[in-house]
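Engineer: Here is the input, now give the coordinates:
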Amino acid sequence: MDLFKVYKLWDIEPVRGLDTTLWDKDGVQYTDLYGGHAVISIGHCHPHYVKVVGEQLQTLGFYSNAVQNSLQKELAKRLGRVSGYDDYSLFLCNSGAEANENALKLASFATGRARVLAFSKAFHGRTSGAVGVTDNPKIRAPFNANPNVTFVPLNDAEAVAKELESRSYAAVIIEGIQGVSGIHEPTDAFLRELRTLCDRTGTLLIADEIQSGYGRTGQFYAHQHSGVRADIVTSAKGMANGFPIGGVLIAPQIKPEYGMLGTTFGGNHLACSAAIAVLDVIGSEHLVENAARIGEVFRKGLEGSKAVKEYRGRGLMIGLELKAGYETLRDRLLFEKHFFTGAAGASVIRLLPSLTVSQQTAESFINAFNDLTQ
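Structural biologist: Alright, predicted model coming up:
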C-alpha cells in the first residue's frame, strides 16, 4: 500500500529540530520560517515543552471525557486569563476544522437559525461544514455545497448589512486574518461595524483564529487589534506546538445542553499538557510582545524590496505578494539559502515563524531575500 497522493512534496525530510532550526536526514541545516502552517508557536523541541509532555506521558496519556480531567480546567482558566476571554467557556476538540464545525453548529443551536455569512477567499477547514463556509471550489465537492451559506467580499460593510438585514443568519464567520488566500486582513473599522451589525440583527460573530491567534499578530487574537469581542472564538494550530488540539471559546449567554457537542480525543491529557506548556512559554518568554517586535523588523526590511509588490499582515503573520518575474523565489530561498517559507498560489510567500524567532534570524532572512532579488 502506498500513500494517497494529495500533497506536492519537496525532496526534503526533516528529522530533527531546535527552535527555528531544522536538520534533514542528510544533515543539511535549514531555518524554519513557516512552522508547519503556523503550528510551531514556541519553537521546535522547546525544553520546557518536552519536559511537561514527557512527564505527562509517564503518568497518563489518555482517558475519555467521561471522567474528570483537571488539566482541562487548568487550560481553560489559563487560556481565559491570557486571552481576555476569562468569562467564556471552553470546548476542546482536535483540530481547527473541528473547532469551526462545532462553532457553526453551536451558533445554529443557540439562534435556531440555519444561515451563515462568510467571506470571499475564506478558508475554514477541510471537513464538511468547514468546507461549506470556505470559498474555494477546488476543495468543495458536490456533497459540500451548502445553500445556507452566502459569501460577501471582505471589508464590504454594505454587502454585510444588506444580507444581515434582509435574511436571518445564525452567524458570521471571519478569520482574524485570512491566511490560505495570501494574508488578507479585515480592517479594524470593518470588524467594529461587523460587530454592530451582528448585535443589531441577533447574529453571532465567530472569529476564526486558527492561524492568526495565539499571539502571532502581536495581540493574543488578531481580531483584538480592533477592540471587538466575538461571541465564539476558534483556536488550534499554535495552541499545542504540534500536538493535535482545537478549542472553541464560547460566550456566557450561549448555554450548553448535554449531548450538544462531543468528542472522543478532544482535551485528552497529553493534548492539555502540551497546550499548558505552550501558555507557560508564551508568558514567561513574552512571546506576544516578541511577535510584534520582530514583525516590525521583517516589515522594515522587506516592505520596500524591489521584488515585493505588497507587504501584508501583522506581527509574524506575513504575506509577501511578489512582482512578476519572481515566481521561483520561494524555491530559491529553500534550496539556495535554506529557508522554509509558505506560499499562497504562485505569487505570495507566507512567513509564519515560531513566536520565538530572533532579530538575528529575521535579519538573516532579509539579507538572503534581498541577495536573491538584486
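Engineer: what sits against the residue positioned nearest the centre of the chain?
Structural biologist: For the chain, Gln211 is the residue whose C-alpha lies nearest the centre (Cα atoms, centre = their mean; 1.0 Å). Shown in contact with Gln211 (Cβ atoms under 8 Å, 6 or more residues apart in numbering): His37, Ala38, Gly96, Glu175, Gly176, Ile177, Gly179, Val180, Lys237, Met317, Leu352. Just so you know, the C-beta spots here come from the backbone N, C-alpha and C atoms, and that holds for glycine as well.
Engineer: Tell me the backbone dihedrals of it, please.
Structural biologist: Dihedral pair for Gln211: phi -100, psi -30, per degrees, to the nearest 10.
Engineer: what number of residues lie near Thr328?
Structural biologist: Look at Thr328: counted by other Cβ atoms under 10 Å, it has 12 neighbours.
Engineer: Could you do the one 3 residues further on as well?
Structural biologist: The burial metric for Asp331, expressed as a neighbour count using other Cβ under 10 Å, is 12.
Engineer: and it, that one's in a strand?
Structural biologist: No: judged by DSSP: H, G, I helix; E, B strand; the rest coil, Asp331 forms no part of a strand; its state is helix.
Engineer: Can you tell me what sits against stretch 324-342?
Structural biologist: Against stretch 324-342 from outside (Cβ under 8 Å, 6+ apart): 10, 12, 22, 28-34, 37, 307, 322, 343, 346-347, 349-352, 365, 368-369, 371-373.
Engineer: Buried subset of the residues you listed, written for PyMOL?
Structural biologist: Provided next is the PyMOL selection string for whichever of those are buried by 16 or more other Cβ atoms under 10 Å:
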select buried, resi 22+30+31+32+33+34+37+307+322+343+347+349+350+351+352+365+368+369+373
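Engineer: Could the C-alpha coordinates of stretch 262-276 be exported in PDB?
Structural biologist: This file holds the C-alpha atoms of stretch 262-276, laid out as PDB (Å, rounded to 0.1, in the frame of the first residue of the first chain):
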ATOM      1  CA  GLY A 262     -18.900  15.900  21.900                       C
ATOM      2  CA  THR A 263     -15.500  14.300  21.100                       C
ATOM      3  CA  THR A 264     -13.500  11.200  21.800                       C
ATOM      4  CA  PHE A 265     -10.000  12.500  21.700                       C
ATOM      5  CA  GLY A 266     -10.600  16.200  22.400                       C
ATOM      6  CA  GLY A 267      -9.000  17.600  25.500                       C
ATOM      7  CA  ASN A 268      -7.100  14.400  26.300                       C
ATOM      8  CA  HIS A 269      -4.400  14.500  29.000                       C
ATOM      9  CA  LEU A 270      -1.400  14.700  26.600                       C
ATOM     10  CA  ALA A 271      -3.000  17.500  24.500                       C
ATOM     11  CA  CYS A 272      -3.900  19.600  27.500                       C
ATOM     12  CA  SER A 273      -0.400  19.200  29.000                       C
ATOM     13  CA  ALA A 274       1.100  20.300  25.700                       C
ATOM     14  CA  ALA A 275      -1.300  23.300  25.500                       C
ATOM     15  CA  ILE A 276      -0.500  24.300  29.100                       C
END
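Engineer: what's that stretch in contact with?
Structural biologist: Contacts of stretch 262-276 (Cβ under 8 Å, 6+ apart): 49, 52-53, 55-57, 59-65, 69, 71-72, 74-75, 78-79, 91-94, 98, 239-246.
Engineer: as a whole number, average confidence for that stretch?
Structural biologist: Across stretch 262-276, the average pLDDT comes to 97.
Engineer: all helices of this protein, in order?
Structural biologist: Applying DSSP state H to the chain gives helices spanning 35-38, 47-57, 70-83, 96-111, 128-132, 157-164, 188-201, 269-284, 287-302, 329-335, 359-372.
Engineer: Please identify the most buried of the ones you listed.
Structural biologist: Mean neighbour count (mean count of other Cβ atoms under 10 Å) peaks for helix 96-111 among the helices of the chain, with a mean of 24.
Engineer: Which neighbouring elements make contact with that one?
Structural biologist: Secondary-structure packing of helix 96-111 (3 or more Cβ pairs under 8 Å, 6 or more residues apart in numbering; DSSP states H and E): strand 89-93, helix 128-132, strand 171-175, strand 204-208, strand 232-235, strand 246-250.
Engineer: Nearest spatial neighbour of Gly182, chain-adjacent residues omitted?
Structural biologist: Nearest residue to Gly182, sequence neighbours excluded (Cβ to Cβ, 6 or more residues apart in numbering): Ala344, at 3.6 Å.
Engineer: With Leu197 instead?
Structural biologist: Closest to Leu197 by Cβ to Cβ, 6+ apart is Leu164, at 5.2 Å.
Engineer: wait, what's in contact with Leu154?
Structural biologist: By Cβ under 8 Å, 6+ apart, Leu154 lies in contact with Phe119, Ser120, Lys121, Ile174, Gln178, His184, Pro186, Phe190.
Engineer: who's in contact with Phe222?
Structural biologist: In this structure residue 222 is Ala, not Phe. Listed by Cβ under 8 Å, 6+ apart, the contact set of Ala222 reads Gly176, Ile177, Glu185, Glu209, Ser212, Gly213, Arg216, Arg314, Met317.
Engineer: want to try JSON lines for the residues you listed, with distance to Leu302, pLDDT and neighbour count as columns?
Structural biologist: Formatted as JSON lines, the contacts of Ala222 follow (distance: Cβ to Cβ, whole Å; pLDDT from 0 to 100; neighbours: other Cβ atoms under 10 Å):
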{"residue": "Gly176", "distance to Leu302": "21", "pLDDT": "98", "neighbour count": "29"}
{"residue": "Ile177", "distance to Leu302": "17", "pLDDT": "98", "neighbour count": "27"}
{"residue": "Glu185", "distance to Leu302": "16", "pLDDT": "97", "neighbour count": "22"}
{"residue": "Glu209", "distance to Leu302": "24", "pLDDT": "98", "neighbour count": "32"}
{"residue": "Ser212", "distance to Leu302": "19", "pLDDT": "98", "neighbour count": "28"}
{"residue": "Gly213", "distance to Leu302": "23", "pLDDT": "98", "neighbour count": "33"}
{"residue": "Arg216", "distance to Leu302": "17", "pLDDT": "98", "neighbour count": "35"}
{"residue": "Arg314", "distance to Leu302": "14", "pLDDT": "98", "neighbour count": "22"}
{"residue": "Met317", "distance to Leu302": "14", "pLDDT": "98", "neighbour count": "27"}
